[in-house]
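1. Quick one: sequence and predicted model below, then my questions.
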Amino acid sequence: MRLRVEHKTHYTYNEPVPYALQQVRLRPKSRPGQTIVDWDIEVRGGQVEVAFEDEHANSVDLVSFTPGETEIEIICRGTVDVDDHNGVVGPQGGYVPLWLFQRSTDLTKIGPQLEALIASAEQEGTPLDVLHGLSAHILAAVPYSTDQSAADLTAEDVLSAGHGVCQDHAHVFITCARALGFPARYVSGYLMMDDRIDQDATHAWAEAHVPELGWVGFDISNGISPDARYIRVATGLDYRGAAPISGLRFGKAGEAMSVALQVQQQ
Amino acid sequence: MPNTPKYFDEMNGTGSGPRLPYEAYCKWFAGENNARLLEKSEEAEALFRLIGVTFNVYGDPDATERLIPFDLVPRIIAAREWALLSKGIEQRVRALNAFLHDIYHRQEIVRAGRMPAEMIARNEAFLPQMIGVSPPGDVYTHIVGTDLVRTGDDEFFVLEDNARTPSGVSYMLENRETMLHMFPELFSKVKVRSVGQYPRSLRRSLSACAPDACEGRPRLAVLTPGIHNSAYYEHAFLADQMSAELVEGHDLRVVDGRVAMRTTQGYKAIDVLYRRVDDEYLDPMNFNPDSMLGVPGIMDVYRAGGITIANAPGTGIADDKAIYSYMPDIVEFYTGEKAILKNVPTHRCSDPQALKYVLDNLSELVVKEVHGSGGYGMLVGPAASKKEIEAFRAKLTAKPDNYIAQPTLALSTVPILTEAGLAPRHVDLRPFALMSPERVDITPGGLTRVALTEGSLIVNSSQGGGTKDTWVLED
């Protein structure tokens, strides 16, 4: 399937920003099942300082703001061919040892509610059965809802809230999968929803490492493994490691952000 | 000259006249008057105060600036002894550098079954952000300060490999300056190899590690946390001595793909940053987000090949005392040779059997925190009271992974000058090694630390230790 993406992230500030940097993880890579036909990042109100690969082999652009700007926009445009691999991403490549994906992070720390959730999940069957069961169990316990948008909830906080968005589901899944002994990671990317061109936001899901198969994706919010409608952009131990844009700025300016995202089949 | 027979005294050996390396010095000393030397000692202290060689002690609010006491009896090392030491240090530094490259790439040492993965996985100094990063010239350990102790005529042990940010080199240089100033005639009687070339060697060595992005003569800078840091004097001193800029985090920012320093003529790119700021505080975008001491984005510029950071981030893993216990394996694995310098036998308290042994023998062992430094948080069994031992036992039992234990070594002594004449005190030695792609350059000598309290084995300046000038004799 050939997907066309146009993704604009627009920041405005109520006063000029003296100095700011953003780490941008918005360059998907060609890999088995995913071919980048073309991909461009345009920065308005800033410039790309350096580009590098981080430890998870994500392509990262470090962007600086033009001093004194009150607006910055990051625009990604690209075309990607995707095949359906039933969510199987394959073996771990590169230098990162698998044990790193069993580390907990601030956002994926185990807590009493998570422990109870794991205890109540079905743990019989093959690893894939267990993980699919876990995914469904999480969605039942924490239904999808965009009602509240507190960013950076910990996995335990998500259970307290009782509902969540894709990022929250991924964090709960990752935490539980690690507790069950599976290396697990966070994936940020794009999803073409079938009924629309304009998407609300970028998407997030999780991958767990299963013996024999390697990495397998689980989109908890949609109850499936990623198919040809999913573009994998970046991975990390949690949202913070894979976030599309994370920044640091000097000064006291207030920030407002808006996203315009179109993903459509070509 | 009093001597404690239990310990090897470097000046007197077994007691029948001075050992060979000290002969010329002792001849000179015999012609000196103790009262005059004590006066000289005061003069030296005044000199240090004048230059401003002071340090801060953490956790001591009454003494924000203190002088490290200087003893004017030099510690003397024969050319033959130094040849062995420097060969052993070079071997160790090369092995450490290869180890660091390996653990941030394929981890062959783990694959080969020579080190358990947990040693790295559980190590807080392991920086995932360094995985796959190859620093310019593949040098991780630009500056290493190897702590050595001596127990006999030919017996040296490595106590620690300080590959993170070894300090103390300014004392090595100032101590020599002071001795040259006070006793010029002595240096015509004894042929001592010079140490004064260290700043030039440091400059050359760091410049040889400049990144590809560097154009022309490399621009060097020393990054300091600021004047409140205990080693600020040294940061300023080294920057001055090697004609580098002395900068703090807020002087630097990312400009045109480089880390650049604000100057009156605009921003100038830095090629090599000798940082004296810990990894955690180096870059708030990539490490501790609350840090005000670092440079946002420097790790990104580094990963893009735009700057050299010395020492490389993540080298602290090699300073871990549990990793230290694997050093003989590390040397063998990466160099194919047996380690020239010995390790102190080390019990890893994470191992239940070792823990039992350690708990049963606390009064005879030295117990250290795995990540500790500066002599803080350690137990010296033979010197500790029953109460101290019991308190330590509780800490050790609660968190055994956090500790290693070693036998209490019979550290050699070198006399210090006291009002009653010479008196032996325990010493250690920290030589400084510089690594560049072409060579390992070890300055002949180093920092000799001396425990000023009679019988004490703790030489750390934060625990009341002093320093001595260290002489390596010419052949």
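-> Done, it's in.
2. For the residue nearest to residue B:267 when sequence neighbours are not counted, name its beta-bridge partners.
-> Distances taken as Cβ to Cβ, 6 or more residues apart in numbering or on different chains put residue B:260 closest to residue B:267, at 3.8 Å, once the chain neighbours are dropped. (C-beta placed from N, C-alpha, C; glycine too.) On the basis of DSSP bridges, residue B:260 is bridged to residue B:253, residue B:269.
3. list the contacts for residue B:260?
-> Under the criterion of Cβ atoms under 8 Å, 6 or more residues apart in numbering or on different chains, the contact list for residue B:260 reads B:252, B:253, B:254, B:267, B:268, B:269, B:270.
4. Can you get me a residue count around the residue in the stretch 251-400 of chain B that chain A sits nearest to?
-> Taking Cβ to the nearest Cβ, chain A has its nearest neighbour within the stretch 251-400 of chain B at residue B:304, 3.6 Å off. Around residue B:304 there are 21 other residues, counting by other Cβ atoms under 10 Å in any protein chain shown.
5. okay, now the nearest residue to it once chain neighbours are set aside: neighbour count?
-> Residue nearest to residue B:304 in three dimensions, not counting chain neighbours: residue A:50, with 3.6 Å by Cβ to Cβ, 6+ apart. By the criterion of other Cβ under 10 Å, residue A:50 has 23 neighbours.
6. now swap in the one 5 residues further on and tell me
-> Look at residue A:55: counted by other Cβ under 10 Å, it has 21 neighbours.
7. For it, give its distance to residue A:187.
-> Here residue A:55 is placed at a distance of 15 Å from residue A:187 (Cβ to Cβ, to the nearest Å).
8. Repeat that for residue A:32.
-> Relative to residue A:187, residue A:32 is positioned 15 Å away (criterion: Cβ to Cβ).
9. When the two are compared, which one has more neighbours?
-> For the pair residue A:32 and residue A:187, the greater number of neighbours falls to residue A:187 (24 against 10), based on other Cβ under 10 Å.
10. Checking the more buried one next. Helix, strand or coil?
-> Look at residue A:187: counting by DSSP: H, G, I helix; E, B strand; the rest coil, its state is strand.
11. beta partners for it?
-> According to DSSP bridges, residue A:205, residue A:235 are recorded as the beta-bridge partners of residue A:187.
12. One more: the one 4 residues further on?
-> Judged by DSSP bridges, the bridge partners of residue A:191 are residue A:230.
13. just to revisit the earlier point, surely the residue of the stretch 251-400 of chain B closest to chain A and residue A:52 touch.
-> Yes - applying Cβ atoms under 8 Å, one finds residue B:304 in contact with residue A:52, separated by 4.2 Å.
14. which residues are common contacts for those two?
-> Joint contacts of residue B:304 and residue A:52 (Cβ under 8 Å, 6+ apart) are residue A:62.
15. about what we covered before: which pair in the contacts of residue B:260 has the greatest spatial separation?
-> Across these, no pair lies farther apart than B:254 and B:268, at 13.3 Å, counting by Cβ to Cβ.
16. So for those two, which sits in the more crowded spot?
-> In this view residue B:254 and residue B:268 are compared by other Cβ under 10 Å, and residue B:254 has more residues nearby, 25 against 14.
17. who's in contact with the more buried one?
-> Listed by Cβ under 8 Å, 6+ apart, the contact set of residue B:254 reads A:21, A:49, A:50, A:62, A:64, B:260, B:295, B:296, B:297, B:298, B:300, B:301.
18. For the second one, which three-state class applies?
-> Going back to what we said before, that points to residue A:49. Secondary structure for residue A:49, judged by three-state DSSP, is strand.
19. Could you report the neighbour count for it?
-> When neighbours are counted by other Cβ under 10 Å, residue A:49 comes out with 22.
20. Any regions of the stretch 1-150 of chain A where pLDDT drops low?
-> Across the stretch 1-150 of chain A, the ranges flagged by pLDDT under 70 are A:148-150.
21. Write out the residues of it neighbouring chain B.
-> Within the stretch 1-150 of chain A, the positions lying close to chain B (Cβ under 8 Å from any Cβ of the partner chain) are A:19, A:21, A:23, A:49-55, A:57, A:60, A:62, A:64, A:94-97, A:99-100, A:103.
22. are any of these buried, and which?
-> The neighbour-count criterion (16 or more other Cβ atoms under 10 Å in any protein chain shown) marks A:21, A:23, A:49-55, A:57, A:60, A:62, A:64, A:95-97, A:100 among these as buried.
23. so the single nearest residue of the stretch 101-250 of chain A relative to chain B bridges to which residues?
-> At 5.0 Å from chain B, residue A:248 is the closest residue in the stretch 101-250 of chain A, using Cβ to the nearest Cβ. Legend: beta-bridge partners of residue A:248 under DSSP bridges are residue A:21.
24. List the residues that contact it.
-> Contacts here follow Cβ under 8 Å, 6+ apart; on that basis residue A:248 touches A:20, A:21, A:22, B:284, B:285, B:289, B:296, B:297.
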